[in-house]
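Enquirer: The sequence and its predicted three-dimensional model are supplied below.
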Amino acid sequence: MPTKDDHETLQRLIDTLFANNPGVGRLEFIVRAELADLAGDVLDVVTLLPPGTYSRDRLCDQLNSAITAHGWGRSLGTVQ
């Protein structure tokens, strides 16, 4: 089960990736998530992203949908 630490790591990753980029590709996000040493369950959610390039809003919407679908909204929270 994901933890608050997992949420913070995922949120920092998103903040870092979009600090200077208007869009991030799925593969880049997955590789960076692996390098950030996300928990296996959280990494599974990340790999569910469909192919494409994402704006921050679209990426967060996709991740939040997957988090909710897994029933982890209470333990992992949502990303912004």
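Expert: Arrived safely, thanks for sending. Here the structure is a predicted model, which means the values were calculated and not measured.
Enquirer: Low-confidence regions, the chain specifically.
Expert: 1-3, 70, 72-79 (pLDDT under 70).
Enquirer: Which residue ranges of it form strands?
Expert: Per DSSP state E, the chain carries strands over the ranges 24-25, 53-54.
Enquirer: Just put these in CSV and tack on mean neighbour count and distance to residue 69.
Expert: Using the backbone N, CA and C atoms, a C-beta is placed for each residue, glycine as well. What follows is the strands of the chain, written out as CSV (neighbours: other CB atoms under 10 Å; distance: least, CB to CB, whole Å):
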stretch, mean neighbour count, distance to residue 69
strand 24-25, 16, 22
strand 53-54, 18, 18
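Enquirer: any idea how far residue 25 lies from residue 6?
Expert: Per CB to CB, to the nearest Å, residue 25 is found 23 Å from residue 6.
Enquirer: Take the strands of the chain and write them to a markdown table, including distance to residue 43.
Expert: What follows is the strands of the chain, written out as a markdown table (distance: least, CB to CB, whole Å):
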| stretch | distance to residue 43 |
| --- | --- |
| strand 24-25 | 16 |
| strand 53-54 | 17 |
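Enquirer: Quick one: closest of these to residue 60.
Expert: For residue 60, the closest of the strands of the chain is strand 53-54, at 8.7 Å, according to CB to CB.
Enquirer: Could you name the helices and strands sitting against the closest one?
Expert: Applying 3 or more CB pairs under 8 Å, 6 or more residues apart in numbering; DSSP states H and E, one finds that strand 53-54 makes contact with strand 24-25, helix 26-35.
Enquirer: So for the last one, what gets flagged as buried?
Expert: Put plainly, it is helix 26-35. Using 16 or more other CB atoms under 10 Å as the test for burial, helix 26-35 gives 26, 29, 32-33.
Enquirer: From the rest of the structure, what touches it?
Expert: Where contact means CB atoms under 8 Å, 6 or more residues apart in numbering, the residues beyond helix 26-35 that reach it are 10, 13, 16-17, 42-43, 46-47, 49-54, 59.
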